[in-house]
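Enquirer: what would the 3D arrangement of this be:
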Amino acid sequence: MIPYGHQSISQSDIDAVTAVLTSDYLTQGSQVPMFESAVATVTRAEYAVAGNSATSMLHVACLALGVLQQDIVWTSPITFVASANCALYCGAKVDFVDVDPLTGNMCAIALANKLQESKKQGCLPKVIIPVHLCGHSCNMDVIGALAKQYGVRVIEDASHAIGGQYQDQYIGQCQYSDITVFSFHPVKIITTAEGGVATTNCAELAKAMVLYRSHGVTRDKDMMLRPDEGDWYYEQHFLGFNYRMTDLQAALGNSQIMRLDEFVAKRNQLARRYHFLLKDTGVEFVSPLDNTLSAYHLMMILLPENIARKVVFDAMRAAGICVHVHYFPVHLQPYYLNLGFAEHDFPQAEHFYRHCLTLPLYPDLSDEQLVFITETLKGLL
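Expert: Model (predicted):
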């Protein structure tokens, strides 16, 4: 079976992890700070805070921005459920902004209209979480300007997007947001097996995220009520969580990040090959904006209206090609239906879902495999 995504592990990656296994520290050693520094460097952010998953860091980002019970957080309905769940963890209410029908990303026009109406009703969100679907950046200058106009904070869910750029700015640089969150799950651009990092340019937000990801505990004497207690002493200042990344994970990340540019370039090369081989077939490509460099986490297409996706999906799987669908709209998940959402609430997202299909894309995908995938799909179409 050709997977839709797969990690690329080198001998250098294996050696890096093995070195930690034979060292004195498996957790809280030197590797995590090194990885945070590396992510800050490649994104041009001032600070980077690592955790055990992007979900955890989305939660931590909401906490650092002061999301509380009865606050409102908006995100995209075309995303993994974590983009919305992170607000619920804080006791906040969640709502969604409909997507652009071609990109699947948060629609800036829909956002502008919803903000205008919400201001009239006195129920503006505290935080907006745009999602960079497939690694393609949202239209962040417009979203950032709208957020500033209405006094709303922004968390970029860039789980798909490390190594990408928007208007010559690296995603994660936080030019248009308060915090950006990346994922390092095995199918992502680089991997730490499981793991996530939040970047920011605000020292106070970084300090808060460091505390929240580690029980709310500090050994920083400048923060302590009893700084002279002794070297054994620590203090809990927040109700935090055990969201720490291990040195084993960080060591893998430190090795993988050395190949970040190589991975992104190869993914873009494969995407161009897909475009060439599937031209004139009637499929539409979920493509990045002209002023961006996508990290191309996913190779997503939109099937023609007259094509039964499930038939294509099942036939591709039967042929040994692990196509996928990203994503079933969050507002139609049973849990969210129980919160009061309903079918037709976000029609563009629902239409996008009915026609989208994800094709395999990862650095080690061979041209022979790619030709087989496209020829199989063309035969079915």
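Enquirer: state the distance from residue 345 to residue 141.
Expert: Residue 345 sits 27 Å away from residue 141 when distances are taken as CB to CB, to the nearest Å. Placement of C-beta: from N, CA and C, glycine included.
Enquirer: where exactly do the helices run in the stretch 151-300 of the chain?
Expert: 203-212, 247-256, 260-277 (DSSP state H, counting those that start in this stretch).
Enquirer: nearest to residue 152, out of those helices?
Expert: helix 203-212 (15.4 Å; CB to CB).
Enquirer: what comes up buried for the closest one?
Expert: Residues 205, 206, 207, 208, 209, 210, 211, 212 are the ones in helix 203-212 that count as buried (16 or more other CB atoms under 10 Å).
Enquirer: so for residue 58, which of the helices of the stretch 151-300 of the chain sits nearest?
Expert: With CB to CB as the yardstick, what comes closest out of the helices of the stretch 151-300 of the chain is helix 203-212 (10.9 Å).
Enquirer: give me the contacts around the closest one.
Expert: 46-47, 49, 57, 60-61, 63-65, 178-179, 198, 200, 217-218, 237-238, 240-241, 243 (CB atoms under 8 Å, 6 or more residues apart in numbering).
Enquirer: okay, now the closest residue in space to residue 149 that isn't next to it in sequence: neighbour count?
Expert: Distances taken as CB to CB, 6 or more residues apart in numbering place residue 115 nearest to residue 149, at 7.8 Å, with adjacent residues excluded. Counted with other CB atoms under 10 Å, residues neighbouring residue 115 total 20.
Enquirer: re the thing from before, now distance to residue 128 too, for the buried residues of helix 203-212, in JSON lines please.
Expert: Conversion of the buried residues of helix 203-212 to JSON lines gives the following (distance: CB to CB, whole Å):
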{"residue": "205", "distance to residue 128": "16"}
{"residue": "206", "distance to residue 128": "20"}
{"residue": "207", "distance to residue 128": "23"}
{"residue": "208", "distance to residue 128": "19"}
{"residue": "209", "distance to residue 128": "18"}
{"residue": "210", "distance to residue 128": "24"}
{"residue": "211", "distance to residue 128": "24"}
{"residue": "212", "distance to residue 128": "20"}
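Enquirer: how about a markdown table for those residues, with pLDDT and distance to residue 314 added?
Expert: Converted to a markdown table, those look like this (pLDDT from 0 to 100; distance: CB to CB, whole Å):
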| residue | pLDDT | distance to residue 314 |
| --- | --- | --- |
| 205 | 98 | 46 |
| 206 | 98 | 47 |
| 207 | 96 | 51 |
| 208 | 97 | 47 |
| 209 | 98 | 43 |
| 210 | 97 | 47 |
| 211 | 97 | 48 |
| 212 | 97 | 44 |
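Enquirer: let's see the ChimeraX selection covering just the buried ones among the contacts of helix 203-212.
Expert: Command for ChimeraX, covering only those of these found buried under the criterion 16+ other CB under 10 Å:
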select :47,49,57,60,61,63,64,65,178,179,198,200,218,240,241,243
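Enquirer: so which of the contacts of helix 203-212 sit within strands?
Expert: Taking DSSP state E, the ones among the contacts of helix 203-212 that sit in strands are 47, 49, 179, 198, 200, 217, 218.
Enquirer: quick check: the nearest residue to the second one once chain neighbours are set aside vs residue 364, distance?
Expert: To tie it back to what came earlier, the one meant is residue 49. Distances taken as CB to CB, 6+ apart place residue 209 nearest to residue 49, at 4.3 Å, with adjacent residues excluded. Separation of residue 209 from residue 364 (CB to CB) stands at 34 Å.
Enquirer: in the stretch 251-381 of the chain, which spans are strands?
Expert: 284-285, 292-293, 299-302, 356-359 (DSSP state E, counting those that start in this stretch).
Enquirer: CA atoms only for the third one, dumped as CSV, please.
Expert: Only the C-alpha atoms of strand 299-302 are listed here, as CSV (Å, rounded to 0.1, in the frame of the first residue of the first chain):
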residue,chain,number,x,y,z
MET,A,299,-1.7,16.9,-2.0
MET,A,300,-5.4,17.7,-2.2
ILE,A,301,-7.6,17.8,-5.2
LEU,A,302,-11.3,18.5,-5.8
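Enquirer: list the contacts of it.
Expert: By CB under 8 Å, 6+ apart, strand 299-302 touches 102, 104, 133-134, 270-271, 274, 278, 283-286, 326, 352, 355-361.
Enquirer: and it, how far out from the chain middle?
Expert: Here strand 299-302 is found 18 Å from its chain centre; the criterion is CA atoms, centre = their mean, to the nearest Å.
Enquirer: give me every residue that touches the most centrally placed residue in the chain.
Expert: Centroid-nearest residue in the chain: residue 159, 1.6 Å away (criterion: CA atoms, centre = their mean). Counting by CB under 8 Å, 6+ apart, residue 159 touches 54, 80, 131, 132, 181, 182, 183, 185, 188, 196, 297.
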